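**Q** predicted coordinates and the sequence they were generated for:
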Amino acid sequence: MMNNDTFEARSTSASSRSTMPATSLELSSPRVRDIPIEVQAVLGRVKVSVSQLMSAKPGEPFWLDKHFGEPVELQVNGKRIGYGEIIADERDNIIGIRMISVEADI
C-alpha cells in the first residue's frame, strides 16, 4: 500500500516530465533531426495599396526595403531564425544563402 506522500511525489514527477522543454539529447535524436523543414529567404518587403497593386502594369517595379548586399532574413514557419547573404556558384547558375547569424531564441 502506498501512502499519500509517495503517490504525490510520483504524480508530480510524472507531470513535470510531460511539461518540461525538450532537452538537447531529445533534439539530437535521429527521429527529430530527420524532420524536414522549409527555410525561406526573405529578400525584402514592400507595402502597397490594393489600388496600386490592381493598377500595376507588367514590368512596373515595386521597390523593396532592402539594398543589394544587405543580409536577407531567414525564416522557418514565418519565424525569423537568422540572417544570411545571397551567394552564387562560379557560373552564377545557382543561387543560395550563406548563413551569417542565428537568432539566440530559436
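**A** Perfect, thanks for sending it. Bear in mind that the values here come from a model prediction, so they are computed numbers and not experimental data.

**Q** all helices of the chain, in order?
**A** For the chain, applying DSSP state H gives helices covering 4-19, 24-27, 30-33, 50-55.

**Q** could you report the neighbour count for the residue nearest to Val48 when sequence neighbours are not counted?
**A** Closest residue to Val48 apart from its sequence neighbours, by CB to CB, 6 or more residues apart in numbering: Phe62 at 6.3 Å. For every residue, glycine as well, the C-beta is placed using N, CA and C. Number of residues near Phe62 (other CB atoms under 10 Å) recorded here: 12.

**Q** can I assume Phe62 is in contact with Gly44?
**A** No - using CB atoms under 8 Å, Phe62 is not in contact with Gly44, being 9.6 Å away.

**Q** now Gly84: how far from Asp34?
**A** 23 Å (CB to CB, to the nearest Å).

**Q** neighbour-wise, which of these two wins?
**A** Gly84 (19 against 7).
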